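Q: I would like the atomic coordinates for the input below:
(chains A and B)
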Number of protein chains: 2
Amino acid sequence: MKARVHVTLKPGVLDPQGEAVRHALGSLGFDGVGEVRIGKVIEVELDGADPAAAEGRVREMCEKLLANTVIENYAVEIS
Amino acid sequence: MKARVHVTLKPGVLDPQGEAVRHALGSLGFDGVGEVRIGKVIEVELDGADPAAAEGRVREMCEKLLANTVIENYAVEIS
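A: Below you'll find the predicted structure:
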């Protein structure tokens, strides 16, 4: 089973990495570029066959390690 | 208009960051965790209203900056 975790900064949280990319795009001549936000996608191969149990475990992984829940949101997909 | 770019390591390319996360999950007591792969999601706000033109520009941004095409694949969504 594969879990996919999307980790994104919460709205309103400054994204310095995104700002740096925005500036770099401008200096490369790309105009008309507004806000740039950067997130992570973490794919985790899991043993077991119960999607509900897997989702619970992955949420626990997010709370403990994969996401900084003070400034980040996460979404879990099981496939 | 918003573009979403998914940047992932090409299959077979070692993912040291993913390995580190896998080990950390193990030390936190999560067993049954196989391979972990980490990618990026870059959201870019764009002026203009022509999705096809926007996609072309974002692909150019990927080739020049957003992705290291030697070791990474990228996929572009326009919404």
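Q: how about the helices in chain A?
A: A:16-27, A:51-61 (DSSP state H).
Q: turn these into a markdown table, columns for mean pLDDT and mean neighbour count.
A: All C-beta atoms are positioned from the backbone trio N, CA, C, and that covers glycine. Shown next, in a markdown table, are these (pLDDT from 0 to 100; neighbours: other C-beta atoms under 10 Å in any protein chain shown):
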| stretch | mean pLDDT | mean neighbour count |
| --- | --- | --- |
| helix A:16-27 | 97 | 14 |
| helix A:51-61 | 96 | 17 |
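Q: give the buried residues for the longest strand seen in chain A.
A: If you go by DSSP state E, chain A has its longest strand at strand A:33-46. Under the neighbour-count criterion of 16 or more other C-beta atoms under 10 Å in any protein chain shown, strand A:33-46 has A:Val33, A:Val36, A:Arg37, A:Ile38, A:Gly39, A:Lys40, A:Val41, A:Ile42, A:Glu43, A:Val44, A:Leu46 buried.
Q: for that strand, packing partners?
A: strand A:2-9, helix A:16-27, helix A:51-61, helix B:16-27, strand B:33-46 (3 or more C-beta pairs under 8 Å, 6 or more residues apart in numbering or on different chains; DSSP states H and E).
Q: next, the contact list for A:Ser27, please.
A: For A:Ser27, the contact set (C-beta atoms under 8 Å, 6 or more residues apart in numbering or on different chains) is empty.
Q: which parts of chain A sit against chain B?
A: A:6, A:8, A:18, A:21, A:24-25, A:28, A:30-48, A:57, A:60-61, A:64-66 (C-beta under 8 Å from any C-beta of the partner chain).
Q: one step back: so which of the helices and strands packed on strand A:33-46 comes closest to A:Ile78?
A: For the helices and strands packed on strand A:33-46, proximity to A:Ile78 was assessed by C-beta to C-beta; helix A:51-61 is nearest, at 4.6 Å.
Q: who touches that closest one?
A: Taking C-beta under 8 Å, 6+ apart as the rule, helix A:51-61 contacts A:Met1, A:Ala3, A:Val5, A:Val44, A:Leu46, A:Gly48, A:Val76, A:Ile78, B:Leu25, B:Leu28, B:Phe30.
Q: circling back: B:Glu72 is nearest to which of the helices of chain A?
A: Taking the helices of chain A one by one with C-beta to C-beta, helix A:16-27 is closest: 14.7 Å.
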